[in-house]
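K.L.:
Need the 3D shape of this:
(one chain, ligands or ions: 1)
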Amino acid sequence: MAKDKFRQEVSNFLKNKNAKYAKIKYDMRRMNCAKEWYRYRNPLRMLWTAFVVEVCRKLPPSEFKNHLYRMIGMKIGKDVTICPDVVIDWLFPELITIEDGVLLGGDLFIAAHEITINELIIGRIILGKQSLVASWTVIDPGVTLGERSIVGLFSWVREDVPPYSFVVGVPAKVKKTLDRTVYSKSLEKTDIRSEVMLYKESEI
Ligand SMILES: CC(C)(COP(=O)(O)OP(=O)(O)OC[C@H]1O[C@@H](n2cnc3c(N)ncnc32)[C@H](O)[C@@H]1OP(=O)(O)O)[C@@H](O)C(=O)NCCC(=O)NCCS
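P.N.:
Got it, this is the predicted structure:
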């Protein structure tokens, strides 16, 4: 039987821990590349992964939930918070590393792969120590977020983010560099803004 080159290239990427990103050409046995995911992923494994990801989407952040994610191959450090409705890549969760102290807002998507008609793009994702990814954001394959970086709401992150940077937008660009001591400072005065109250009770 002829060797399945497409499958072999996916397998080579997964085995090579130093490989960060790959664009693998599909041999067009079917009309689009997504049709044949079972050539490089075991369907039973996919069922298990899908089950865990979907259950976790509905769970509040907890160490139990982080443990479930570890069971599908994700690497998750300590004090990581993953809000509900985060969608984790079903096909390649083992390519995602979340370092200590990371906070992931709700409704965001971490995509370790991307499929086009004739290509499979895969990449290792690293969310650096104490980085914050705000809600409704997409992280693309191959992206590394630097330590203590921040991704603003509704962003699409396509490139690596330098440490201590605030990025935002579609595609995300560096908006500002952050103070390196920001999380080391003692608690400052709480910012309570009375002006957000539009009416006083006596005026209603
Ligand atoms: C990341 C975040 C905390 C930044 O808030 P902040 O420090 O108050 O940011 P600032 O208000 O100083 O914004 C700095 C600049 O970025 C812009 N900016 C901030 N968020 C933005 C966004 N999502 N899209 C576009 N621009 C944005 C601001 O307009 C401002 O621009 P300017 O300097 O030209 O006026 C906030 O944007 C955010 O995403 N909050 C949600 C956090 C979250 O999802 N947590 C998850 C658990 S609930």
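K.L.:
tell me which parts of the protein are close to the ligand?
P.N.:
C83, L103, G105, A134, S135, I150, G152, L153, F154, V168, G169, K175 (C-beta under 6 Å from any ligand atom). Heads up, the C-betas are built off the backbone N, CA and C, glycines and all.
K.L.:
Reformat these into TSV and put pLDDT and secondary structure next to each item.
P.N.:
Shown next, in TSV, are the residues of the chain next to the ligand (pLDDT from 0 to 100; DSSP: H, G, I helix; E, B strand; the rest coil):
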residue	pLDDT	secondary structure
C83	98	coil
L103	98	strand
G105	98	coil
A134	98	coil
S135	98	coil
I150	98	strand
G152	98	coil
L153	98	coil
F154	98	coil
V168	98	strand
G169	98	coil
K175	97	strand
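K.L.:
Just send the residues you listed back as CSV, with distance to D89 too.
P.N.:
What follows is the residues of the chain next to the ligand, written out as CSV (distance: C-beta to C-beta, whole Å):
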residue, distance to D89
C83, 17
L103, 19
G105, 17
A134, 19
S135, 18
I150, 22
G152, 22
L153, 21
F154, 20
V168, 23
G169, 23
K175, 27
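K.L.:
which of the residues you listed count as buried?
P.N.:
Burial of these was assessed by neighbour count (16 or more other C-beta atoms under 10 Å); the buried members are C83, L103, G105, A134, S135, I150, G152, F154, V168.
K.L.:
Please enumerate the helices of the chain.
P.N.:
Taking DSSP state H, the helices of the chain run over residues 5-15, 43-57, 63-71.
K.L.:
who's in contact with A50?
P.N.:
If you count contacts by C-beta atoms under 8 Å, 6 or more residues apart in numbering, A50 has them with W90.
K.L.:
same question, D85
P.N.:
For D85, the contacting residues are R57, K58, G106, D107, taking C-beta under 8 Å, 6+ apart as the criterion.
K.L.:
Over to F13?
P.N.:
If you count contacts by C-beta under 8 Å, 6+ apart, F13 has them with A19, A22, I24, I122.
K.L.:
S62 and the ligand: what is the separation?
P.N.:
If you measure S62 against the ligand using C-beta to the nearest ligand atom, to the nearest Å, the figure is 14 Å.
K.L.:
Backbone dihedrals for that residue, please?
P.N.:
Dihedral angles of S62 (phi, psi; degrees, to the nearest 10) stand at phi -170, psi 160.
K.L.:
Next one: it from K173, what distance?
P.N.:
Counting by C-beta to C-beta, to the nearest Å, the gap between S62 and K173 amounts to 34 Å.
K.L.:
same check, this time on M71
P.N.:
Distance of M71 to K173, given as C-beta to C-beta: 36 Å.
K.L.:
same deal with K35?
P.N.:
Where K173 is concerned, K35 sits at a distance of 35 Å (C-beta to C-beta).
K.L.:
same deal with F109?
P.N.:
From F109 over to K173 (counting by C-beta to C-beta), the distance is 19 Å.
K.L.:
Please pick the buried ones from the contacts of F13.
P.N.:
A22, I24, I122.
K.L.:
Can you verify my assumption that Y164 contacts L145?
P.N.:
No - if you go by C-beta atoms under 8 Å, Y164 and L145 don't touch, sitting 10.9 Å apart.
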